[in-house]
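Novice: Predicted structure and sequence below. I'll ask about it afterward.
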Number of protein chains: 2
Amino acid sequence: MPYIGVIEGMSLKEQLDYLFNPRSVAVIGASNQLGKWGYIILARLQASKSKRPLYAINKKEHEVLGLKAYASVVDVPGPVALAVITVPFQAIVEVTRDCVRKGVKVAIIISGGLAEIGGEGAELEREIVDIARRGGMRLVGPNCLGHIDTHTNVRTVGFLPGVKKGNVALISQSGNSSQSVTHYGGQMGIGFSKFVSSGNEADLNFADYLEYLAGDDKTKVILGYIEGIREGRRFFELAKEVTKRKPVVIMKAGRTDAGVRAALSHTASLAGSDVVLDAAFKQCGVIRGEELSELVDVAVALLGQPLPRGRRVGVLAMGGGMAVMAADVVRRVGLEMPSFSPATMEKLSELMSVRWSRGNPIDPGGDLVSHHALWLMLEDDNIDAIMIIGGVGMIASFSNWVKLPPSAREDIREKRRAIEEVEVRDLEKTIELMRKHQKPILFVTQVPDAAPKGLAYKKLKENHLNFYSTPERAARTLKHLVDYSEYLGVARGR
Amino acid sequence: MPYIGVIEGMSLKEQLDYLFNPRSVAVIGASNQLGKWGYIILARLQASKSKRPLYAINKKEHEVLGLKAYASVVDVPGPVALAVITVPFQAIVEVTRDCVRKGVKVAIIISGGLAEIGGEGAELEREIVDIARRGGMRLVGPNCLGHIDTHTNVRTVGFLPGVKKGNVALISQSGNSSQSVTHYGGQMGIGFSKFVSSGNEADLNFADYLEYLAGDDKTKVILGYIEGIREGRRFFELAKEVTKRKPVVIMKAGRTDAGVRAALSHTASLAGSDVVLDAAFKQCGVIRGEELSELVDVAVALLGQPLPRGRRVGVLAMGGGMAVMAADVVRRVGLEMPSFSPATMEKLSELMSVRWSRGNPIDPGGDLVSHHALWLMLEDDNIDAIMIIGGVGMIASFSNWVKLPPSAREDIREKRRAIEEVEVRDLEKTIELMRKHQKPILFVTQVPDAAPKGLAYKKLKENHLNFYSTPERAARTLKHLVDYSEYLGVARGR
């Protein structure tokens, strides 16, 4: 079957607008039975309290979750732009035909049991794609979990409850993997513009969503989890264009013999050669993550950080052990740890006690350090990017969680307020210098959930400058920034 | 200076008992000034509410934090077993002499500015070691952060507030690195028996603590963070003996050119060749972690899991994407993903819907799975260890955090209780089979802090079977278990 791509007279954008901003939604297979997809999805759509008309389709019931139920989508009185199909695979053909008859523009097929099981399932999948294409309807899935648009307030996905509005889009062939991404994303302070669980990608595929998101002004960073690429050539040509304007970060699973086999039975994906893919990603500027958390780590940095001009990293750690480990990981990801300029060395030696490490990485030797050390690095021409371990210059923000004897409490509270004000002013200057010199600063804390809730921390979050939980995570993120910057020609190559 | 090792007439155990269970403690440099080590440490010792006599030593003050202050430790009326020294390095020699005169058995020198800064600092360090050795006193540090014994309730370390009683000991050359370990350890449900920040290791070194902990019946697993090894030969001979009885897990930092330089200025450690060290660790059965979190991940598994009999892993994932990623990481760490036996395949196919993945990894294809699938893997001779992604058979425990419309609440609560009871019974059987067949089960969840607080989760924690946050973490942990098991001759080699 040849690729069609556009329905006659309608651009991909117009088609996908029906998905991300539908005038009305029908849930086919809507259910009163707790735990069924037809229950969860309808309940989630109801919970959004949108004024968009919502229809329940169920052959047997008269009412589902308080809504009048129709036996078929054809019976719905008004037009239906988007249908979410949750019926068992045996009923898929009939229901797809009904959607076409009704003039539905996009159908999300949650149901599995199709190409991913091979044989008859694959046959069935081809049949419904055929029905949809001839009828001018696009399909999401099958074997998927729905989608989200936080800006238009449509959520057909039965979970991902905490997804906040923002500028990161996520396309995921796996439904449950997306949960990791959105959950950790929320922790790291990013919101999402759009999410789509693309499933088997029988009709609409990753490249289609990518093309649409490239033109979406709510989306600044595009994340993807994929197991296989449907239209390789189109995908890579498109990616090459998109990455010039927006970063694209992808985790591709199915890398090993066992992973490739598993991908085939999961989304009927043919994973192909991992080495070839790696090279292709590099050539078109796609940032490749090794684990799901990396997608989020890189997205946070892309939103908040300038792209570095080179690969020379300066490290400042509140503690010698962290300094050693950070130096190790910077080198191991392939970045450089240069010496500071003589002028910087002189100024640092004036600033710090005799116990400081006298070089890069900076370990103040047990003393507290203010932002001044950071500013010196930002102004040193030998340094392109910075990694900070521990709450440098944010002690008051951090110390909320340190328990001291009650006798000291009031004393501390007062001091903390005064120190916090200085810290926030210092941090503002740091952010200013970071932007001026185009040098990213990656912040690392060893105890990420120890709730640094002070003012300096708030200021960081406002600027998408969240903390990474380990030096390893920060270093690998920085490496991606450097590579992407070199790809775009912003940074000097090696 | 030759190594002395034992003070005349006293074994290492007797000496270190003075550190971990002292009859009395003096803080030299005790301070009323908020933020000073002499303040924080004394405050922490007071906060423990131990009945052990506690003395404040300060040259100028009459009272510190409500305690009578003595000008010198020599002036203390009763005996002093342990002294914690926080005075600036200029006063170290005098204070060390005072300790010897007083008959102090062990002194913890918090102060830095010694060997790690080279030159005069190194000179000074040699001098105090000399004074201590001639005077029959052992030294912890200098340039360290103190220690903890949760069982005898001594805490000289100024932070690490949440460290709970348990069976894991931690020796760390870096103070702040230990914070990562104890904090994450707490999250993963492990408690600590003893902690010591060993600093520059001018006198007592890693091997001494290791020897002591080998004989400590409160300690089942020994963790270490090191930058350099003082007495290589003794360390490795000792480690070879200890690892036969207790697992030793070490992160060695200072692996790259930049890390080696940083280690020298941090704890005056000569890091040596990393490749040689790696081989030496393998030969003496030491488990080597690549990052700090790995120490905890492995400790949790060592406490809760049987050692596997081989390297063949079965994977069960609640979701196809996770199945693919898990298969990838198992292969990438060097473990095997074998086929199930024909009998297991038959039983799994009976148990699951047509959509299941029909092989290893098991992806149930969107359906919920009970523990039965797990039991089949536990009983399959082709499988030595298991990795479970998602809350398999623990849905009710997990679903606490899923928000559904208020109308459904009471309904859910009732169902959940009933399901939870079944889940706990199933989990008990799983744990029984796990021990019977000596097959570790590593549990992974994508949303580790989404607070699964149900009964099944409690049961897991009671058995040290906590969740790993990513398949990568679980796989690398499993690899360490397999390697250690092969080292001990428990598992078949490759």
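Specialist: That came through, no problem.
Novice: which residues in the stretch 1-150 of chain A form strands?
Specialist: Assigned by DSSP state E, counting those that start in this stretch, the stretch 1-150 of chain A shows strands spanning A:25-28, A:54-57, A:63-64, A:67-70, A:82-85, A:106-109, A:138-140, A:147-149.
Novice: All the helices of the stretch 301-450 of chain A, in order from the start?
Specialist: With DSSP state H, counting those that start in this stretch, the ranges of helices along the stretch 301-450 of chain A come out as A:320-332, A:342-351, A:372-378, A:395-398, A:409-437.
Novice: picking up where we left off before, dump the strands of the stretch 1-150 of chain A into TSV; add distance to A:Val163 and mean neighbour count as well.
Specialist: C-beta here means a position set from N, CA and C on the backbone, and glycine is covered the same way. TSV is the format used below for those (distance: least, CB to CB, whole Å; neighbours: other CB atoms under 10 Å in any protein chain shown):
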stretch	distance to A:Val163	mean neighbour count
strand A:25-28	18	29
strand A:54-57	20	24
strand A:63-64	25	18
strand A:67-70	24	18
strand A:82-85	17	28
strand A:106-109	17	28
strand A:138-140	17	26
strand A:147-149	6	24
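Novice: dump the residue contacts of A:Ile108.
Specialist: Residues near A:Ile108 by CB atoms under 8 Å, 6 or more residues apart in numbering or on different chains: A:19, A:82-85, A:139-141, A:144, A:146-147, A:156.
Novice: redo that, cut-off 10 Å
Specialist: A:Ile108 is in contact with A:19, A:25, A:27-28, A:41, A:82-86, A:138-142, A:144-147, A:156-157, A:196-197, A:199, A:204, counting by CB atoms under 10 Å, 6 or more residues apart in numbering or on different chains.
Novice: and if you look at A:Asn176?
Specialist: Here A:Asn176 is in contact with A:145, A:159, A:197, B:317-323, B:363, B:366, B:389-390, B:446 (CB under 10 Å, 6+ apart).
Novice: ok, and the closest non-adjacent residue to it?
Specialist: Nearest residue to A:Asn176, sequence neighbours excluded (CB to CB, 6 or more residues apart in numbering or on different chains): B:Gly319, at 3.0 Å.
Novice: On the pLDDT front, check that neighbour for me.
Specialist: On pLDDT, B:Gly319 comes in at 81.
Novice: Return the distance of it relative to A:Glu291.
Specialist: B:Gly319 is 15 Å from A:Glu291, where distance means CB to CB, to the nearest Å.
Novice: Compare these two (neighbour count), which wins?
Specialist: Counted by other CB atoms under 10 Å in any protein chain shown, B:Gly319 and A:Glu291 do not tie: B:Gly319 has more neighbours, with 24 against 19.
Novice: if I pick that one, what's in contact with it?
Specialist: A:145, A:174-180, A:266, B:325, B:363-366, B:389-390, B:446.
Novice: A:Ser177 - that's part of a strand, no?
Specialist: No - checked against DSSP: H, G, I helix; E, B strand; the rest coil, A:Ser177 lies outside a strand; its state is helix.
Novice: wait, isn't it in contact with A:Met251?
Specialist: Yes - between A:Ser177 and A:Met251 there is a contact under CB atoms under 10 Å: 8.0 Å.
Novice: Give the intersection of the neighbour lists for the two.
Specialist: A:225, A:227, A:292, A:295, B:321, B:325.
Novice: buried sites along whichever strand or helix holds A:Leu277?
Specialist: Secondary structure assignment for A:Leu277, by DSSP states H and E: helix A:274-283. By neighbour count on 16 or more other CB atoms under 10 Å in any protein chain shown, the buried set for helix A:274-283 is A:277, A:280-281.
Novice: Can you name the secondary structure element that comes next after it?
Specialist: Sequence order places strand A:287-289 as the next helix or strand after helix A:274-283, per DSSP H and E.
Novice: Against which helices or strands is that next one packed?
Specialist: Using 3 or more CB pairs under 10 Å, 6 or more residues apart in numbering or on different chains; DSSP states H and E, the elements in contact with strand A:287-289 are strand A:221-226, strand A:248-252, helix A:274-283, helix A:292-304, helix A:471-487.
Novice: Just the C-alphas of stretch A:414-433, formatted as PDB.
Specialist: Provided in PDB are the C-alpha atoms of stretch A:414-433 (Å, rounded to 0.1, in the frame of the first residue of the first chain):
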ATOM      1  CA  GLU A 414      16.600  35.500  60.900                       C
ATOM      2  CA  LYS A 415      20.000  34.800  59.500                       C
ATOM      3  CA  ARG A 416      18.500  32.700  56.800                       C
ATOM      4  CA  ARG A 417      16.300  35.500  55.600                       C
ATOM      5  CA  ALA A 418      19.200  37.900  55.300                       C
ATOM      6  CA  ILE A 419      21.400  35.400  53.600                       C
ATOM      7  CA  GLU A 420      18.700  34.400  51.200                       C
ATOM      8  CA  GLU A 421      18.300  37.900  49.900                       C
ATOM      9  CA  VAL A 422      22.000  38.100  49.100                       C
ATOM     10  CA  GLU A 423      21.900  34.700  47.500                       C
ATOM     11  CA  VAL A 424      19.000  35.600  45.200                       C
ATOM     12  CA  ARG A 425      20.800  38.800  44.100                       C
ATOM     13  CA  ASP A 426      23.900  36.800  43.500                       C
ATOM     14  CA  LEU A 427      22.000  34.200  41.500                       C
ATOM     15  CA  GLU A 428      20.400  36.900  39.400                       C
ATOM     16  CA  LYS A 429      23.900  38.100  38.500                       C
ATOM     17  CA  THR A 430      25.000  34.500  37.700                       C
ATOM     18  CA  ILE A 431      22.100  34.000  35.400                       C
ATOM     19  CA  GLU A 432      22.900  37.300  33.700                       C
ATOM     20  CA  LEU A 433      26.500  36.400  33.200                       C
END
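Novice: Does it reach chain B?
Specialist: Yes - Stretch A:414-433 reaches chain B (CB under 10 Å from any CB of the partner chain) through A:Lys415.
Novice: cool, stretch A:341-348 as well?
Specialist: No - using CB under 10 Å from any CB, stretch A:341-348 stays clear of chain B, with a minimum separation of 13.0 Å.
Novice: returning to what we had before: can you flag the buried ones in the contacts of B:Gly319?
Specialist: Looks like the contacts of B:Gly319 have A:145, A:174-180, A:266, B:325, B:363-366, B:389-390, B:446 buried, using 16+ other CB under 10 Å.
Novice: thought A:Gly136 was touching A:Tyr18?
Specialist: No - assessed by CB under 10 Å, A:Gly136 is found out of contact with A:Tyr18, at 11.1 Å.
Novice: what is in contact with these two at once?
Specialist: Overlap of the contact sets of A:Gly136 and A:Tyr18 (by CB under 10 Å, 6+ apart) consists of A:10, A:104-105.
Novice: Out of these, give me the one that has the most neighbours.
Specialist: Most neighbours among these, by other CB under 10 Å: A:Val104, with 30 neighbours.
Novice: Over to it: give its phi and psi.
Specialist: phi -60, psi 140 (degrees, to the nearest 10).
Novice: Contact partners for A:Thr445?
Specialist: Counting by CB under 10 Å, 6+ apart, A:Thr445 has contacts A:318, A:322, A:388-392, A:394, A:398, A:452, A:457, A:466-470, B:180.
Novice: Just the buried ones from those residues, in ChimeraX syntax?
Specialist: Here is the ChimeraX selection string for the buried members of those, based on 16+ other CB under 10 Å:
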select /A:318,322,388,389,390,391,392,394,398,452,457,466,467,468,469,470 /B:180
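Novice: Lowest mean pLDDT across the helices and strands packed on strand A:287-289, which one is that?
Specialist: Mean pLDDT is lowest for helix A:274-283 among the helices and strands packed on strand A:287-289, at a mean of 88.
Novice: Now the longest strand anywhere in chain A: average pLDDT?
Specialist: Looking across chain A with DSSP state E, the single longest strand is strand A:165-172. The average pLDDT within strand A:165-172 is 96.
Novice: Okay, angle between that strand and helix A:292-304 too, please.
Specialist: Counting by axes from the mean of the first three to the mean of the last three CA atoms, to 10 degrees, strand A:165-172 lies at 140 degrees to helix A:292-304.
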